[in-house]
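Participant: got a sequence here, can you model it:
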Amino acid sequence: MCGLAGYFSTENKFSREDLVSMTEALVHRGPDASGYFTDEFTGLGHRRLSIIDLSERANQPMTSAGGRYVIIYNGEIYNYREIGAKLNAGKKNEASIQLRTASDTEVILEAFALYGIDFVNQLNGMFAIVIYDKKLNELYLFRDRIGIKPLFYYWDSKNFAFASELKSFQKISSIPKEINESAIKYFLHYGYIPAPYTIYKNIYKLSSGTWMKVSATGIESQRYWDLTGKLSNNIISDKYQAMVKLSDLMISSVQYQLKSDVPFGVFLSGGIDSSLITAQASMLSSVKVNTFSIGFHENSHNESEYAKAIAKYLGTDHHEFIVSINDAVGLFESIFDSYDEPFADTSAIPTMLVSKLAKQYVTVALSGEGGDELFFGYGYYKWANRLSNPLWKISRKMLARTFNRLSSRYKRVGQLLTYDADTNLPSHIFSQEQYFFSEKELSGMLLNGYADELIYENEKLNYSFLRAIDEPYRRMIQVKERKLNAIEIQALFDLQYYLQDDLLTKVDRASMKYSVETRVPYLDHRVIEFALNLDPSLKFRNGITKYILKEILYQYVPKELFDRPKQGFAIPLNLWLKKELKYLIDEYLSERVIKKYNVVDYETVKNYSRAFHSGTEYLYNRLWILIALHKWLESKS
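Facilitator: Below is the predicted model:
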């Protein structure tokens with residue numbers, strides 16, 4: 001795992017000093033080595049965390065054997081040995097390539113030199129790759145299929161810069177940091193800012209599964225992989241056929257991702273996803289597997305005992321840390337430092353703590369991201385199913401009025417049932433299950449330019465609120481002849497947005513803060529493509545979520561160890577905001593701060609705060625997301 005930074009400018013907008021500053025801002029991503037390349041138009045900077053081939057000869061930037069291409073890259077290519085074997089064998093009518101290192105970096109570089117842009121389709125892994133063609137003065141960028149590794153870029157129609165994290169751009173005064181006001185509405189609705197947007201105008205996230213070419217004539221980009229293209233009209237319905245194939249794919253993925261020249265472990269929450277990875281890793285590994293878990297003193301949020309029981313059954317070398325409010329308070333500041341733009345997922349805190357714990361023992365950790373989205377693990381998928389029923393549609397407004405008169409628990413359901421006919425339902429269900437602001441709430445709360453339509457690349461798009469995000473999503477679910485059910489549609493929405501721009505972002509920044517590389521076996525593209533085309537009844541059956549995944553897991557671990565409700569990886573924020581963290585409400589939702597930035601109406605915020613303290617518990621995340629926004633604004637003023 002590493003940090004990348006660089007530029008391409010025919011106007012000499014950037015200097016070598018800029019390159020060094022951008023790169024050194026990423027030292028936490030790569031503490032082991034640094035390197036630079038510059039020529040007339042281009043600068044490439046790299047910080048290395050050594051995982052494969054620990055020698056200096058594998059450092060970056062790396063130049064191809066022919067001297068034409070230079071690479072910097074962040075990630076891991078798990079099938080690099082197979083690709084390297086093809087290179088060593090040579091292409092028809094061409095000489096074989098003698099690799100000089102044992103690194104995946106060199107394999108990527110020489111594969112690009114031999115096959116061109118299409119080489120990316122051979123890669124199995126997570127990656128952000130930048131390759132410079134010195135002969136043609138062209139810069140190529142590649143991001144992995146599902147967006148595991150980050151890659152940001154700045155473009156002003158003439159000058160281009162890129163980096164693994166937004167903090168690199170903060171180091172360059174010639175790059176303007178003007179707030180993208182319209183992106184804030186997405187944040188308040190989702191809890192994150194979805195790609196391609198960032199909190200800044202003219203700075204973007206490179207979309208997953210995309211390559212981009214930068215040259216003196218401008219930029220061009222193209223998707224080389226997307227979820228839509230992997231949906232098939234032929235779905236797999238046979239349970240035992242599906243179990244055998246999925247089990248084989250997961251074993252292959254875990255085996256690939258155990259490859260490392262440094263110690264490894266598994267983040268074990270005690271849930272289905274991480275337990276299956278732990279079981280398969282234990283079966284495949286020649287050494288005892290390290291496992292790591294986090295618990296809380298508050299029983300309602302503590303799964304550490306379950307993780308401990310599973311670790312004991314599987315015989316892992318288990319390590320746990322029980323989190324107190326004092327452990328967590330200091331890390332609240334780290335959320336804003338680590339994520340660089342407004343980010344509301346407070347499970348970043350336990351993710352940071354488990355990464356800090358893991359770093360004492362390992363440099364690589366496997367994690368279970370993707371299992372919920374691929375196999376229908378979230379409880380709110382049941383709401384997607386209910387709201388597709390015509391009876392619910394007819395009665396929802398009446399039910400909403402009834403629920404809104406009851407206790408906090410039912411008021412939350414009332415909010416979920418309150419939406420207009422033209423509302424993007426998956427987006428609405430997600431925001432309400434996360435306890436964030438609905439589209440209707442935001443329309444009455446946002447002020448000034450924050451309620452405007454989105455501005456993207458200096459062109460005002462003719463989209464209503466959230467349409468810039470909705471349209472590619474709507475196209476995605478209208479593919480081929482296959483009719484997707486409501487849960488499949490909701491899960492696709494999460495795979496497209498929530499997984500990439502919240503969960504994977506959370507894990508990347510939290511683990512890299514402590515220089516730990518996190519790998520995600522469920523997001524092997526072979527597993528994704530297979531799971532997308534399973535009969536939905538194999539994922540959700542008779543009220544049982546992740547049905548097929550559980551059937552596979554029970555071949556390794558007794559079913560009795562999982563006979564409990566799903567909890568999730570969250571902190572007891574609703575309790576802490578009333579006590580130890582109440583100061584955050586007092587400081588960042590004060591009249592002075594709210595009116596200073598004039599993003600939202602102060603009286604509305606005051607009413608939310610009053611209702612929360614009076615017992616409307618579900619409002620805690622609405623307050624938190626406003627705290628996160630205004631804390632970020634204060635840090636930039």
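Participant: now the longest helix anywhere in the chain: how far from the chain's centre is it?
Facilitator: Counting residues, the longest helix found in the chain (DSSP state H) is helix 239-257. Relative to its chain's centre, helix 239-257 lies at 23 Å (CA atoms, centre = their mean, to the nearest Å).
Participant: for stretch 205-221, same thing?
Facilitator: Remark: stretch 205-221 is offset 20 Å from the chain centroid, using CA atoms, centre = their mean.
Participant: can you list contacts of that stretch?
Facilitator: 8, 10, 41, 117, 120, 128, 136-147, 150-153, 155, 157, 160, 162, 195-198, 222-226, 500-501 (CB atoms under 8 Å, 6 or more residues apart in numbering). For every residue, glycine as well, the C-beta is placed using N, CA and C.
Participant: now list the buried members of the residues you listed.
Facilitator: Buried members of the contacts of stretch 205-221, scored by 16 or more other CB atoms under 10 Å, are 8, 41, 120, 128, 137-147, 150-153, 155, 160, 162, 195-198, 224-226, 500-501.
Participant: those residues in helices, which ones?
Facilitator: With DSSP H as the criterion, helices contain none of the buried ones among the contacts of stretch 205-221.
Participant: restricted to strands, list these.
Facilitator: 8, 128, 138-143, 152-153, 155, 160, 162 (DSSP state E).
Participant: of these, which is the nearest to Leu549?
Facilitator: For those, the minimum distance to Leu549 (CB to CB) is 27.2 Å, reached by Arg143.
Participant: contacting residues for Pro194?
Facilitator: Pro194 sits next to Tyr186, Ile469, Tyr497, Gln500, Asp501 when contact means CB under 8 Å, 6+ apart.
Participant: confirm for me that the third one is in contact with Tyr190.
Facilitator: By that I understand Tyr497. Yes - counting by CB atoms under 8 Å, a contact exists between Tyr497 and Tyr190, whose distance comes to 7.2 Å.
Participant: distance of Lys86 from Thr105?
Facilitator: 17 Å (CB to CB, to the nearest Å).
Participant: between those two, tell me which one has more neighbours.
Facilitator: Applying other CB atoms under 10 Å to Lys86 and Thr105 shows that Thr105 carries more neighbours, namely 25 against 16.
Participant: which residue is the nearest non-sequential neighbour of the more buried one?
Facilitator: Leaving aside its sequence neighbours, Thr105 sits nearest to Met62 (CB to CB, 6 or more residues apart in numbering; 5.5 Å).
Participant: just to check, that neighbour is in contact with Asp104?
Facilitator: No - Met62 is beyond contact range of Asp104, at 10.9 Å (criterion: CB under 8 Å).
Participant: give me the more crowded residue out of the two.
Facilitator: Taking neighbours as other CB under 10 Å, Met62 and Asp104 compare with Asp104 leading, 26 against 23.
Participant: what sits against the closest residue to the more buried one other than its chain neighbours?
Facilitator: Spatially, and ignoring its direct neighbours in sequence, Asp104 is nearest to Tyr80 (3.7 Å; CB to CB, 6+ apart). Contact analysis of Tyr80 by CB under 8 Å, 6+ apart lists Ile52, Ser103, Asp104, Val107, Ile108, Gly125.
Participant: now tabulate those residues in a markdown table and tack on distance to Leu387 and pLDDT.
Facilitator: Below are those laid out as a markdown table (distance: CB to CB, whole Å; pLDDT from 0 to 100):
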| residue | distance to Leu387 | pLDDT |
| --- | --- | --- |
| Ile52 | 47 | 69 |
| Ser103 | 50 | 90 |
| Asp104 | 45 | 92 |
| Val107 | 48 | 96 |
| Ile108 | 45 | 97 |
| Gly125 | 38 | 97 |
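Participant: farthest pair in these?
Facilitator: Within the contacts of Tyr80, two members stand farthest from each other by CB to CB: Ser103 and Gly125, at 13.0 Å.
Participant: looking at those two, which is more packed in?
Facilitator: Per other CB under 10 Å, whichever of Ser103 and Gly125 has more neighbours is Ser103, with 25 against 22.
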